[in-house]
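Trainee: structure here, sequence nowhere to be found:
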């Protein structure tokens with residue numbers, strides 16, 4: 001079955017369109033309530049969290065109503081990172097968790113993503129079942145069976161304490177100066193609490209959400225603000241999260257950025273030194289330097305589709321303890337989804353044990369230059385099915401022939417066609433990517449509405 005509404009990370013779109021609209025979200029809550037609580041023992045319960053977008057209040061109310069109509073009780077935890085919802089769903093023994101967020105997207109967008117009772121992202125089969133229920137008439141449960149809602153007042157504190165337990169008990173962050181960029185998003189409160197309580201001196205940016213400034217020039221998708229802040233503060237390093245806190249990037253004391261691939265490389269070396277690294281999962285977007293570096297260490301490397309849910313599925317299938325994406329989604333054994341705070345703590349623990357700076361730790365890792373172009377295109381799959389588009393892609397691959405890697409794919413979270421070219425030479429990668437993007441854009445303007 002082809003999914004109609006769900007992308008790589010739940011349902012996402014512009015607020016007010018046919019999907020991210022209170023009427024449709026009401027029905028989504030009702031449909032999800034029926035699917036996610038099958039086999040629930042006793043009264044079904046679902047945790048709902050959100051990021052800091054203004055539209056979150058509207059969508060939260062609609063979801064709550066839909067779930068109540070299906071006879072499901074709701075636990076409201078307010079603005080918290082996506083991985084916090086995964087954790088709370090497990091520890092509160094809920095039947096499912098729901099996050100209202102569009103992650104790194106700007107504030108006019110929003111979305112809904114789901115966790116099952118064990119804190120993992122939903123498999124395709126359950127998302128397809130929810131879509132099937134959406135086609136049914138919405139019938140309310142009997143009055144005495146309708147759900148109710150309550151707030152979990154200590155939710156943030158629970159997650160903060162959990163994060164701190166993942167940091168080695170014999171270490172702390174005293175004497176370390178960190179710049180923290182919370183993207184005016186879901187980590188704005190719990191992020192500073194975690195690092196401050198472990199002893200770090202903090203310089204904070206992106207901690208004043210107003211409902212519309214989430215990801216606006218700050219956070220992991222806009223590292224320039226963090227780079228400047230680290231250099232100005234003469235800090236040891238900087239940490240940036242995205243709007244919902246499930247991804248991160250780091251900046252060393254010189255202001256140089258480390259993306260997800262490089263962070264996975266650092267974590268992999270640490271796990272290998274501890275004697276337990278059967279393998280690592282990346283994605284089709286992971287830099288070739290990561291694959292070759294792990295190969296040199298004798299560590300198996302598996303590529304999954306883009307999306308941390310697919311990374312996690314591959315990790316579970318192969319029994320690998322570490323995986324992630326170039327974008328900064330990093331999954332460690334401590335949680336069941338990408339968790340920016342936990343990944344940052346793991347890197348900081350390596351720094352503390354080794355006594356090295358971040359710049360010294362990263363020495364020797366040389367990523368292959370990548371050029372990534374996003375073409376605004378709503379019908380990307382239709383375009384890629386056309387013989388003319390396939391011919392353009394084949395021609396680009398022939399030019400690369402043994403000198404690089406090419407990937408063309410529709411985005412799972414935005415109306416974009418992504419063109420990625422990786423080669424030993426940055427100029428060569430850019431030339432191939434720009435030529436192919438221009439050819440595909442020309443074809444799209446003729447045959448596929450933008």
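Mentor: Noted; the coordinates are in hand. Worth saying up front: this structure is predicted, and the values here are computed from it rather than measured. Residues are numbered from 1 along each chain as shown.
Trainee: going forward, measure contacts between C-alpha atoms and count neighbours the same way
Mentor: Noted.
Trainee: ok, which stretches of the stretch 251-400 of the chain are strands?
Mentor: Ranges of strands in the stretch 251-400 of the chain, per DSSP state E, counting those that start in this stretch, are 257-258, 280-283, 301-304, 322-324, 330-331, 370-376.
Trainee: so which of these is the most surrounded?
Mentor: Across the strands of the stretch 251-400 of the chain, averaging neighbours per residue (mean count of other C-alpha atoms under 10 Å) puts strand 330-331 on top, at a mean of 30.
Trainee: can you list the strands that that one pairs with?
Mentor: strand 322-324 (antiparallel) (DSSP bridges).
Trainee: ok, residues contacting the partner strand?
Mentor: 260-261, 264, 268, 279-283, 308, 311-312, 315, 330-333, 338 (C-alpha atoms under 8 Å, 6 or more residues apart in numbering).
Trainee: cool, and stretch 64-72?
Mentor: Applying C-alpha under 8 Å, 6+ apart, the set of residues contacting stretch 64-72 is 25-34, 43-46, 73-74, 139-141, 145-149.
Trainee: give me the buried subset of those.
Mentor: Buried members of the contacts of stretch 64-72, counted by 16 or more other C-alpha atoms under 10 Å: 25-34, 44-46, 73-74, 146-149.
Trainee: the residues you listed in helices, which ones?
Mentor: Counting by DSSP state H, those place 25, 26, 27, 28, 29, 30, 31, 32, 33, 34 in helices.
Trainee: out of those residues, which comes closest to residue 95?
Mentor: The nearest member of those to residue 95, counting by C-alpha to C-alpha, is residue 33 at 9.6 Å.
Trainee: spatially nearest residue to that closest one (excluding sequence neighbours)?
Mentor: Leaving out its chain neighbours, the residue that sits closest to residue 33 by C-alpha to C-alpha, 6 or more residues apart in numbering is residue 67, at 5.2 Å.
Trainee: report how many residues lie close to the one you found.
Mentor: Close neighbours of residue 67, defined as other C-alpha atoms under 10 Å, add up to 29.
Trainee: over to residue 193?
Mentor: Residue 193 has 16 nearby residues by other C-alpha under 10 Å.
Trainee: helices of the stretch 201-350 of the chain, start to end?
Mentor: Here the stretch 201-350 of the chain has its helices, by DSSP state H, counting those that start in this stretch, at 224-233, 260-273, 288-296, 308-318, 340-354.
Trainee: got a markdown table for the ones you listed, with mean pLDDT too?
Mentor: Converted to a markdown table, the helices of the stretch 201-350 of the chain look like this (pLDDT from 0 to 100):
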| stretch | mean pLDDT |
| --- | --- |
| helix 224-233 | 97 |
| helix 260-273 | 95 |
| helix 288-296 | 92 |
| helix 308-318 | 92 |
| helix 340-354 | 97 |
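Trainee: export those to CSV and tack on distance to residue 395 and mean neighbour count?
Mentor: Output for these, formatted as CSV (distance: least, C-alpha to C-alpha, whole Å; neighbours: other C-alpha atoms under 10 Å):
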stretch, distance to residue 395, mean neighbour count
helix 224-233, 36, 19
helix 260-273, 28, 20
helix 288-296, 21, 17
helix 308-318, 29, 20
helix 340-354, 39, 20
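Trainee: of all these, which one is nearest residue 440?
Mentor: helix 288-296 (24.7 Å).
Trainee: the inter-axis angle of the closest one versus helix 260-273?
Mentor: Here helix 288-296 runs at an angle of 10 degrees relative to helix 260-273 (axes from the mean of the first three to the mean of the last three C-alpha atoms, to 10 degrees).
Trainee: perfect, that will be all.
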